[in-house]
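**Q** need coordinates for the below:
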Amino acid sequence: MAKSEPIEVEATVTTALPNAMFKLKLDGAGAHEILGIVSGKMRKHFIRILPGDRVKVQLSPYDLTKGRIVFRQK
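**A** Numbering: from 1, shown residues only. Model prediction:
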């Protein structure tokens, strides 16, 4: 079976949690809250994320409550 592609969405960081985790509010009409974890490349290059930042998140099609933060918008 082929690997499922991740779903990319944009979100806003609402709160910072321990261990590089964040509460994110997804854009759109539903405005769901998910848990976001910083990706490995962003940790490696020490990219800081603060509450209020706009980020790009990859969601797994299997679990839509957790996501990987892959890009911080300027």
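
**Q** element containing residue 42, please.
**A** Remark: residue 42 resides in helix 40-44, with elements defined by DSSP states H and E.

**Q** list the buried ones in the following helix or strand past that helix?
**A** Beyond helix 40-44 on the C-terminal side, the first helix or strand identified by DSSP H and E is strand 54-59. Burial within strand 54-59, assessed by neighbour count using 16 or more other C-beta atoms under 10 Å, is assigned to 55, 57-59. Any C-beta I mention is one placed from the backbone N, CA and C, and that applies to glycine too.

**Q** and strand 54-59, what does it pack against?
**A** On a contact count with 3 or more C-beta pairs under 8 Å, 6 or more residues apart in numbering; DSSP states H and E, strand 54-59 meets strand 7-17, strand 21-26, strand 33-38, strand 66-72.

**Q** rerun at 7 Å
**A** Applying 3 or more C-beta pairs under 7 Å, 6 or more residues apart in numbering; DSSP states H and E, one finds that strand 54-59 contacts strand 7-17, strand 66-72.

**Q** Serialize those strands to a markdown table and add fields for mean neighbour count and mean pLDDT.
**A** Shown next, in a markdown table, are these (neighbours: other C-beta atoms under 10 Å; pLDDT from 0 to 100):
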| stretch | mean neighbour count | mean pLDDT |
| --- | --- | --- |
| strand 7-17 | 15 | 96 |
| strand 66-72 | 18 | 97 |
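
**Q** wait, which of those is closest to residue 36?
**A** Each of these was scored for nearness to residue 36 using C-beta to C-beta, and the closest is strand 66-72 (4.8 Å).

**Q** got the contact list for the residue lying closest to residue 55 once chain neighbours are set aside?
**A** Nearest residue to residue 55, sequence neighbours excluded (C-beta to C-beta, 6 or more residues apart in numbering): residue 69, at 5.0 Å. For residue 69, the contacting residues are 22, 36-39, 42, 49, 55, 57, taking C-beta atoms under 7 Å, 6 or more residues apart in numbering as the criterion.

**Q** save those residues as TSV, and put in pLDDT and distance to residue 74 too.
**A** As requested, these are arranged in TSV below (pLDDT from 0 to 100; distance: C-beta to C-beta, whole Å):
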residue	pLDDT	distance to residue 74
22	98	18
36	97	18
37	97	21
38	97	17
39	96	18
42	94	14
49	96	13
55	97	11
57	97	16
